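K.L.:
give me a 3D structure for the following:
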Amino acid sequence: MSGGQSGEGWISVDEQRATELLRTARERIEAELRRLTGELLPDPDTAPGEEVERSDEQLGAREQDMGRVEALQAELAAVARAEERLAQGTYGLSVESGEPIPGARLEIMPTAERTVEEQRRLERRGG
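P.N.:
Next up, the predicted model:
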């Protein structure tokens, strides 16, 4: 992993720990996706093309699950980007400024792409 120490309180996440954090995140996301997509699949007892009546509550829950699937797919893409940065030796460095991302932030959010300050600025701009 590249990037040296910079600033007070900088604690890096070594490559082995980063690999473990990203593997754990990937496994969690993939398991949740399997569970949700299995729940969203049609009932095997329903004939092809047969409409299943659903209550408003069931439709609302289904929409929430579909939204969760989209969010999980975005998380999985973030894991893939982090794994790519790890392979390139830039994991732990901001994609915006190249500044080190504190190890404590990476422990909590191993897919972090920016420092906290940079992320806040991005969110204020609507990104």
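K.L.:
wasn't Glu39 part of a helix?
P.N.:
Yes: the assignment for Glu39 is a helix, going by DSSP: H, G, I helix; E, B strand; the rest coil.
K.L.:
spatially nearest residue to it (excluding sequence neighbours)?
P.N.:
For Glu39, ignoring the flanking residues on the chain, the nearest one in space by C-beta to C-beta, 6 or more residues apart in numbering is Asp65 at 6.3 Å. Backbone N, C-alpha and C define where each C-beta goes, glycine included.
K.L.:
now name the helix or strand holding that neighbour.
P.N.:
In the assignment (DSSP states H and E), Asp65 maps to helix 56-88.
K.L.:
one more: Gln119?
P.N.:
Short version, using DSSP H and E: Gln119 is in helix 116-124.
K.L.:
so what does that helix touch, helix or strand wise?
P.N.:
Applying 3 or more C-beta pairs under 8 Å, 6 or more residues apart in numbering; DSSP states H and E, one finds that helix 116-124 contacts no other helix or strand.
K.L.:
poorly predicted segments of the protein, please.
P.N.:
Residue ranges of the chain with pLDDT under 70: 1-11, 40-62, 127.
K.L.:
okay, which residue is most central for it?
P.N.:
Taking C-alpha atoms, centre = their mean, the centroid of the chain lies closest to Glu75, which sits 2.4 Å from it.
K.L.:
perfect, I'm done here.
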